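Enquirer: Sequence isn't available, so here's the structure alone:
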């Protein structure tokens, strides 16, 4: 949608429809949104407002209820020193990650299984400790926890979504991720050593990536 002209293609307004207790509700993304059409000129605002509604406003009451219950058990001041990723590892422990299962359930865009950079990537990943593997999975998916059924059951924002690696051409940047889509953007690095250095820097220092396609 963001990468293509939607003129004459998309018929949407600044509203979304959601089911609540069996009733279909129209939710305005902005005042009077159901009466304002999405156009090529305002589509970026539409995408931003949909993401905001789905990930924050639409679940605000539920999140506050969970926070209230959690803080009744553990006061905020006792966990304020931890990042969300560190807190997850503290509560859930270090997962056991099967690299062969991850590799078997990975899709590629711009690369193939036989691409040189992909072969280097798996060489680096095979040598990672469980702690760094957890960081990698968390960096790409938003959580270090693996589904009980394995990586074949990995889910994204819109349902089942495999771990996927996308080719991006700027080898001067670190890998980045789109956690809503379990997507790793892997530049076309010139050597295994460069790929290893950049990947480790991203998962250890960035620890969590996020972006929109």
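Expert: Nice, thanks for sending it over. It should be emphasised that the depicted structure is a prediction, and the values quoted were computed from it without experimental measurement.
Enquirer: CA only for contacts and neighbour counts going forward, please
Expert: Will do.
Enquirer: Where does residue 16 sit, in terms of helix or strand?
Expert: Per DSSP states H and E: residue 16 is located in strand 15-20.
Enquirer: Spatially, and excluding backbone neighbours, which residue is closest to the residue of the chain most remote from its centre.
Expert: For the chain, the largest distance from the centre (CA atoms, centre = their mean) belongs to residue 35, which lies 31.5 Å off. Nearest in space to residue 35, with sequence neighbours left out and distances taken as CA to CA, 6 or more residues apart in numbering, is residue 13 at 6.5 Å.
Enquirer: and that neighbour, bridged to which residues?
Expert: Going by DSSP bridges, residue 13 is paired in beta bridges with residue 37.
Enquirer: wait, isn't it in contact with residue 38?
Expert: Yes. Between residue 13 and residue 38 there is a contact under CA atoms under 8 Å: 5.2 Å.
Enquirer: out of the two, which sits in the busier spot?
Expert: residue 38 (22 against 17; other CA atoms under 10 Å).
Enquirer: The more buried one and residue 44 touch, don't they?
Expert: No. Assessed by CA under 8 Å, residue 38 is found out of contact with residue 44, at 9.4 Å.
Enquirer: and the residue farthest from the centre of the chain, how far is that from residue 89?
Expert: To residue 89, residue 35 is 45 Å away according to CA to CA, to the nearest Å.
Enquirer: try residue 28
Expert: Separation of residue 28 from residue 89 (CA to CA) stands at 37 Å.
Enquirer: do residue 157 as well
Expert: From residue 157 to residue 89 the distance is 22 Å (CA to CA).
Enquirer: give me phi/psi at residue 32?
Expert: The phi/psi pair for residue 32 (degrees, to the nearest 10) reads phi 70, psi 20.
Enquirer: Let me fix that, I meant to ask about residue 167.
Expert: As for residue 167, its main-chain torsions (degrees, to the nearest 10) stand at phi -80, psi 130.
Enquirer: burial count for it?
Expert: 18.
Enquirer: and it, what are its bridge partners?
Expert: residue 186.
Enquirer: Give the helix, strand or coil label for residue 4.
Expert: On the three-state scheme (DSSP: H, G, I helix; E, B strand; the rest coil), residue 4 is labelled coil.
Enquirer: so residue 36 touches residue 28, yeah?
Expert: No. Residue 36 is beyond contact range of residue 28, at 9.8 Å (criterion: CA under 8 Å).
Enquirer: shared neighbours of the two, anything?
Expert: Common contact partners of residue 36 and residue 28 (CA atoms under 8 Å, 6 or more residues apart in numbering): residue 14.
Enquirer: So for these two, which sits in the more crowded spot?
Expert: residue 28 (19 against 14).
Enquirer: Does the more buried one touch residue 15 like I think?
Expert: Yes. Counting by CA under 8 Å, residue 28 touches residue 15, with 4.3 Å between them.
Enquirer: who touches both of these two?
Expert: Residues touching both residue 28 and residue 15 by CA under 8 Å, 6+ apart: residue 34.
Enquirer: how about the strands of the chain, start to end?
Expert: 15-20, 23-28, 106-109, 155-156, 159-160, 163-168, 176-178, 183-187 (DSSP state E).
Enquirer: Any chance of a markdown table for those, columns mean pLDDT and distance to residue 80?
Expert: Listed next are these as a markdown table, based on pLDDT from 0 to 100; distance: least, CA to CA, whole Å:
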| stretch | mean pLDDT | distance to residue 80 |
| --- | --- | --- |
| strand 15-20 | 88 | 34 |
| strand 23-28 | 91 | 34 |
| strand 106-109 | 97 | 35 |
| strand 155-156 | 86 | 28 |
| strand 159-160 | 87 | 32 |
| strand 163-168 | 95 | 31 |
| strand 176-178 | 92 | 26 |
| strand 183-187 | 96 | 29 |
